[in-house]
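Asker: Sequence and computational prediction follow.
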Amino acid sequence: MLKEERQNFIMKQLNLHNKVLSSDLCAKLNVSEDTIRRDLNELASNSQIKKVYGGAMSKSFSHSTGVRETYAQEAKRQIAKKALTLISDGMVVLLGGGTTIIEMVRMIPKDLRCTFFVVSPVVAMELIEYSECEVVLLGGTLLHDSYIVTGSMVVNQLADINADLCFLGTNAISMENGITDAIWEVVQVKKAMIKSATKTAIVSIAEKLDSLEKMKVCSINEINYLITDANPGESALSSYSKVLTVL
């Protein structure tokens, strides 16, 4: 595989999953660690990615400047509009992190009155900026790789919440393997959030359908809604629509 092809593959994986591990890239591309290291160094030097320990992150997750690049932003805005139809006044809502959730909170009507419990400081700041709702930022250890709080402190706080609805982004989703992620600490927080909510909605661009990461969050029948940018009637969603509500 040519260097350009490898680097295009790396960028595609980052756009879809926000983070890649060097070891996974070596296996998927069948190349050496030195080759992947050179590719990541070159992409980082061109400001296309952010290098982190063991791999790289999408620039969408770099909040060191006021400018953020968002992959498939229009698709995520379509998802956000659909997601907001599930929220009504008086609800208690749990929010995960990620760029789709950010697009969602930017569209919250000014007259909506809800309480949002949030595990991402970035999402909390956007909520304060764009809405008049009550915002409760849960405490814990801030994870560099995803900008959400993790650890036993946040899991214990979630156990005391009985939310009406939980919105989560996902790194991967499939009928067979359910919701999966690449970061163990994030998996534990997502599990606790699902347990603390009456209903859970997964927000994801359709490109992530039928993908898999190494760590399981939950099976597909543990969620209630799947919200994508695709038309619910499309064939790619037919199997999902048999077990949950697809928007």
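Answerer: Structure's in. What do you need? Remember, predicted model here, so these are calculated numbers, not experimental data.

Asker: C-alpha only now, for contacts and for neighbours.
Answerer: Fine.

Asker: Can you give me the distance of the residue most central in space within the chain to residue 7?
Answerer: Closest residue to the average C-alpha location of the chain: residue 169 at 3.2 Å, with Cα atoms, centre = their mean. Residue 169 sits at a distance of 25 Å from residue 7 (criterion: Cα to Cα, to the nearest Å).

Asker: For the helix or strand hosting residue 191, name the packing helices and strands.
Answerer: Secondary structure assignment for residue 191, by DSSP states H and E: helix 184-195. Counting contacts by 3 or more Cα pairs under 8 Å, 6 or more residues apart in numbering; DSSP states H and E, helix 184-195 packs against strand 149-150, helix 152-159, strand 163-169, strand 215-218.

Asker: Show which residues not belonging to the second one make contact with it.
Answerer: If I follow you right, that is helix 152-159. With Cα atoms under 8 Å, 6 or more residues apart in numbering as the test, helix 152-159 has contacts from 119, 138, 139, 140, 188, 189, 192, 193, 195, 196.

Asker: again, only this time at 10 Å
Answerer: For helix 152-159, contacts defined as Cα atoms under 10 Å, 6 or more residues apart in numbering pick out 94, 117, 119, 137-141, 149, 185, 188-197.

Asker: Can you say which of those residues are buried?
Answerer: The neighbour-count criterion (16 or more other Cα atoms under 10 Å) marks 94, 117, 119, 137-140, 149, 185, 188-190, 192-197 among the contacts of helix 152-159 as buried.

Asker: Pull the number of nearby residues for residue 143.
Answerer: The number of residues packed near residue 143 is 15, by other Cα atoms under 10 Å.

Asker: Could I get the contacting residues of it?
Answerer: Contacts for residue 143 (Cα under 10 Å, 6+ apart) come out as 120, 149, 150, 151, 183, 185, 186.

Asker: Now the fifth one: closest residue in space that isn't a chain neighbour?
Answerer: Sequence neighbours aside, residue 215 is the residue nearest to residue 183 in space, at 7.3 Å (criterion: Cα to Cα, 6 or more residues apart in numbering).

Asker: Next, count neighbours for the one you found.
Answerer: 16.

Asker: Repeat that for residue 82.
Answerer: 16.

Asker: Now name the helix or strand holding it.
Answerer: Assigned by DSSP H and E, residue 82 falls within helix 73-84.

Asker: just to revisit the earlier point, so the residue nearest to the centre of the chain touches residue 104, yeah?
Answerer: No. Using Cα atoms under 10 Å as the test, residue 169 is too far from residue 104 to be in contact (11.2 Å).

Asker: Give the residues shared as contacts by the two.
Answerer: residue 203.

Asker: ok, back up a step: how about the contacts of residue 143, which pair is most distant?
Answerer: Greatest spatial distance among these (Cα to Cα): 120 and 183, at 15.3 Å.

Asker: the more surrounded of the two?
Answerer: Neighbour count, other Cα under 10 Å: between residue 120 and residue 183, residue 120 has more, with 24 against 17.

Asker: Counting neighbours, what do you get for the residue lying closest to that one once chain neighbours are set aside?
Answerer: Nearest residue to residue 120, sequence neighbours excluded (Cα to Cα, 6+ apart): residue 148, at 4.3 Å. Applying other Cα under 10 Å, we find 24 residues neighbouring residue 148.

Asker: Distance check, residue 148 against residue 211.
Answerer: Distance, residue 148 to residue 211, using Cα to Cα: 23 Å.

Asker: wait, what's in contact with the residue lying closest to residue 160 once chain neighbours are set aside?
Answerer: Residue nearest to residue 160 in three dimensions, not counting chain neighbours: residue 196, with 7.8 Å by Cα to Cα, 6+ apart. By Cα under 10 Å, 6+ apart, residue 196 lies in contact with 94, 155, 157-166, 190.
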